[in-house]
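Chemist: need a structure here:
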Amino acid sequence: MIIGILKAIILGIVEGVTEFLPISSTGHLIIIDEFVKISSNKAFTTTFEYVIQLGAIIAIVLLYWRRLWPFGNDKTEKQRFTIWATWVKVIVGVLPSVVIGFLINDWMDSHLMNWQVVSVALIVYGIAFIVIENLQKNRRPRVRSVNHLTLADVIKIGFFQVLSVVPGTSRSGATILGALSIGISRQAAAEFSFFLSIPTMLGVSVLKIGSYILKHGFFSGEQLVVLIVGLVVSFLVAYVVVKWLLRFIQTHDFKAFGWYRIILGVIVILLGAIGII
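Modeler: Numbering: from 1, shown residues only. Coordinates of the predicted model:
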């Protein structure tokens, strides 16, 4: 039990740190899983990964509660309208990944969930971040707030999110990169990426957890403790990391994450070449 809890803490920390940074939580979990296996039960391991994703999503919901919850007497009509408009943009933005992702997700998991694909995706999108940031360096962002995103903007960003079905791409990385490339400010790009993650990851997490229970029955006492610990740790770490990221991009660009991705991609290649992963 104690070993399982320690593993849950480690994996919860990794998920909390990497989920909303554009560096691929999947890439990190693939590496960490080689050294810290939460369970020999593959179905439970997969479910655990979705549960800790859920913890990270709860952090976003809590951080942006006032900007995303349209009900309550403390809201003016204008504020409610703005919130509902944001949700419309989010729904439109997730449609491409819902439709396309639903059709190809299982195939991608079966054929592309390997270190070769992850390493290439890490490096390619790392280079893309550096290139896009250099191109945008002296350009004034066309949009500086999520409130000013057009439906055309969110559809484009939504199609970029589809790229994240490739392991190692990073959902936040794909959406932020797409937003930057069409002239969205770093702050607005990051925040809209957070908002898009709520229905996308919440829906998938709930479905995966429900699917596990239907096929394998409810979790054992030990499994339940491990899941709760992982979820709580992921939530707490993600809460801190998101607040840090928003402060960081006020004075820095995303190139540091691009370089990090390239280095990590090279590490994955080396680990794969010598048979560690």
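Chemist: For the chain, which helix extends over the most residues?
Modeler: When the chain is parsed with DSSP state H, its longest helix is helix 77-112.
Chemist: buried stuff in that one?
Modeler: Across helix 77-112, burial judged by 16 or more other Cβ atoms under 10 Å covers 83, 86, 89-90, 92-94, 96-98, 100-101, 112. The C-beta positions use only the backbone N, C-alpha and C, and glycine is treated the same way.
Chemist: What of stretch 199-210?
Modeler: Using 16+ other Cβ under 10 Å as the test for burial, stretch 199-210 gives Pro199, Thr200, Met201, Leu202, Val204, Ser205, Lys208, Ile209.
Chemist: Could you pull up the residues touching the third one?
Modeler: With Cβ atoms under 8 Å, 6 or more residues apart in numbering as the criterion, the residues that contact Met201 are Gln53, Leu54, Ala56, Ile57, Arg171.
Chemist: List just the nearest of those to Asp253.
Modeler: Using Cβ to Cβ, Arg171 comes nearest to Asp253 of those, at 19.9 Å.
Chemist: Let me know the pLDDT of the closest one.
Modeler: pLDDT for Arg171: 89.
Chemist: Just say helix, strand or coil for the closest residue in space to it that isn't next to it in sequence.
Modeler: Spatial nearest neighbour of Arg171, chain neighbours left out: Ser164 (3.9 Å); criterion: Cβ to Cβ, 6 or more residues apart in numbering. Per DSSP: H, G, I helix; E, B strand; the rest coil, the local secondary structure of Ser164 is helix.
Chemist: for the record, mean pLDDT for stretch 61-68?
Modeler: Stretch 61-68 shows a mean pLDDT of 94 in the predicted model.
Chemist: what's the first-to-last distance across it?
Modeler: Start-to-end span of stretch 61-68 (Cα to Cα, to the nearest Å) is 8 Å.
Chemist: residues of that stretch that come out buried?
Modeler: Quick answer for stretch 61-68 (16+ other Cβ under 10 Å): Leu63, Tyr64, Leu68.
Chemist: Nearest to Ser145, out of those: which one, please.
Modeler: The closest of the buried residues of stretch 61-68 to Ser145 turns out to be Tyr64 (Cβ to Cβ; 13.7 Å).
Chemist: Show the contacting residues for that closest one.
Modeler: Tyr64 touches Glu191, Phe194, Phe195, counting by Cβ under 8 Å, 6+ apart.
Chemist: Go again with 7 Å.
Modeler: Going by Cβ atoms under 7 Å, 6 or more residues apart in numbering, Tyr64 touches Phe194.
Chemist: and it, backbone torsions?
Modeler: phi -110, psi 20 (degrees, to the nearest 10).
Chemist: thinking again about what came up before, can you flag which of the contacts of Met201 belong to helices?
Modeler: Gln53, Leu54, Ala56, Ile57, Arg171.
Chemist: And the furthest pair within these?
Modeler: Most distant of these, by Cβ to Cβ, are Leu54 and Arg171, 14.2 Å apart.
Chemist: These two: which is more packed in?
Modeler: Taking other Cβ atoms under 10 Å, Leu54 and Arg171 do not tie; Arg171 has more neighbours (26 against 22).
Chemist: Good, we can wrap up now.
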